[in-house]
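Novice: need a structure here:
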Amino acid sequence: MGTPEPVVQVLRGLLDAGHTVLAVYTQPDKPAGRGRQIALPPVKRFAEERGIPVFQPASLRKKEAIEPLAALAPDVLVVAAYGKILPRQALEAAKRGGLNIHPSLLPRHRGPTPVPTTLLEGDGVTGVTIISMDEGMDSGPVLARREEPVRPDDTTGALTDRLFGIGTRMVLDLLDPWVEGALNLKMQDHASATFTRFLQREDAELKFDSPAVQLERMVRAFQPTPGAFTTWQGKLFKVLEATLTGGAQPAGEPGTVVGLSQGPPLAVGVVTPEGVLVLKRVQLEGKRPMRAEEFSRGYRTFVGSRLPSGA
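Specialist: Now for the predicted structure:
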């Protein structure tokens, strides 16, 4: 059970290890992109290429959705970023219930957005937790946890891929002994649990009255989607890559675009109340992504202009 691209590696790992995957459950097809054309979940595309039956119920809380799952009589459900909380009836359809690969060190960052939340909060260490699923949100007992450092340049895309790669190896080591009943469980400390929430597009808006370190985290947390953004000359302006400068704070109001060195190339930054956000790669609405220095050469009025501060 899974949906996005990073968890295709989980399904591939199960197949390559010789496990019999009876079926794949994934989210329903949805419109995507500017044309709003119907897009298949990545896990569905991969499963169909391998000839695996695919089920896409809108909910698993109805009898008509549970009956096909129960008829499969699986040993275990392997769940990775499926996007639904499984009811008791779904978990009981498998002899050994469900194993969930969760990309955080539970009980920290339960819920739907553990990886971007890890970056937004500046965690230095994250990891993967394999749990035996219960009816709660990521609250089941733990089979295994493995730490992973957060790298300074990690984006949500890169970190998610890496964590589900680690999770794939973990679940492959655990799967046979779990089905055989040879593993012990450890209850989570529910009192210390923290929870993530669904992040909306407006959460990715950069407001330059915030400290530079917070804005840099946002740029990484909302990459690759939806992309951290602001506006310039009335157009959407995405910041695809940014960093921090350790130099002296240039003068200017929050949101002021400044040159940080004599060109070429001219490093470009944005003043904040605490530090400068150095722009590395940007994209103006209707244009291709480009290096910030290239953008400033093409748009001569950019340096010296002011981006919205939110104040």
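Novice: Please enumerate the strands of the chain.
Specialist: Shown for the chain, the strands assigned by DSSP state E span residues 24-25, 30-32, 37-39, 54-55, 77-79, 98-102, 125-132, 142-149, 228-232, 235-244, 257-259, 268-271, 276-284, 290-291.
Novice: So what are the sheet partners of the fifth one and their directions?
Specialist: Partner strands and pairing direction for strand 77-79 (DSSP bridges) are strand 98-102 (parallel).
Novice: For D16, find the nearest of the strands of the chain.
Specialist: Checking these against D16 by Cβ to Cβ gives strand 77-79 as the closest, at 13.8 Å. Where you see a C-beta, it was placed from the backbone N, CA and C, and this is true even at glycine.
Novice: what's that closest one in contact with?
Specialist: Contacts with strand 77-79, where a contact means Cβ atoms under 8 Å, 6 or more residues apart in numbering, come from 1-2, 10, 14, 86, 90-91, 93-94, 97-101, 133, 171, 175.
Novice: still on that earlier bit, most tightly surrounded among the strands of the chain?
Specialist: strand 268-271 (a mean of 25; mean count of other Cβ atoms under 10 Å).
Novice: Against I85, how distant is the nearest residue to T113 once chain neighbours are set aside?
Specialist: Leaving aside its sequence neighbours, T113 sits nearest to T196 (Cβ to Cβ, 6 or more residues apart in numbering; 4.4 Å). Computed with Cβ to Cβ, to the nearest Å, the distance linking T196 and I85 is 14 Å.
Novice: ok, those two, which is more surrounded?
Specialist: Per other Cβ atoms under 10 Å, whichever of T196 and I85 has more neighbours is T196, with 21 against 15.
Novice: show me what contacts the residue nearest to T113?
Specialist: Per Cβ under 8 Å, 6+ apart, neighbours of T196: H109, R110, G111, P112, T113, P114, T117.
Novice: likewise H102?
Specialist: R110, P114, V128, T129, I130, I131, D138, G167.
Novice: which residues does it form a beta bridge with?
Specialist: With DSSP bridges as the rule, H102 is bridged to T129.
Novice: closest one to A182 among the strands of the chain?
Specialist: strand 142-149 (11.1 Å).
Novice: hmm, who's touching the lowest-mean-pLDDT helix or strand in the chain?
Specialist: Least confident helix or strand, the chain: strand 30-32 with a mean of 79, by mean pLDDT, DSSP states H and E. For strand 30-32, the external contacting residues (Cβ under 8 Å, 6+ apart) are Q37, I38, A39.
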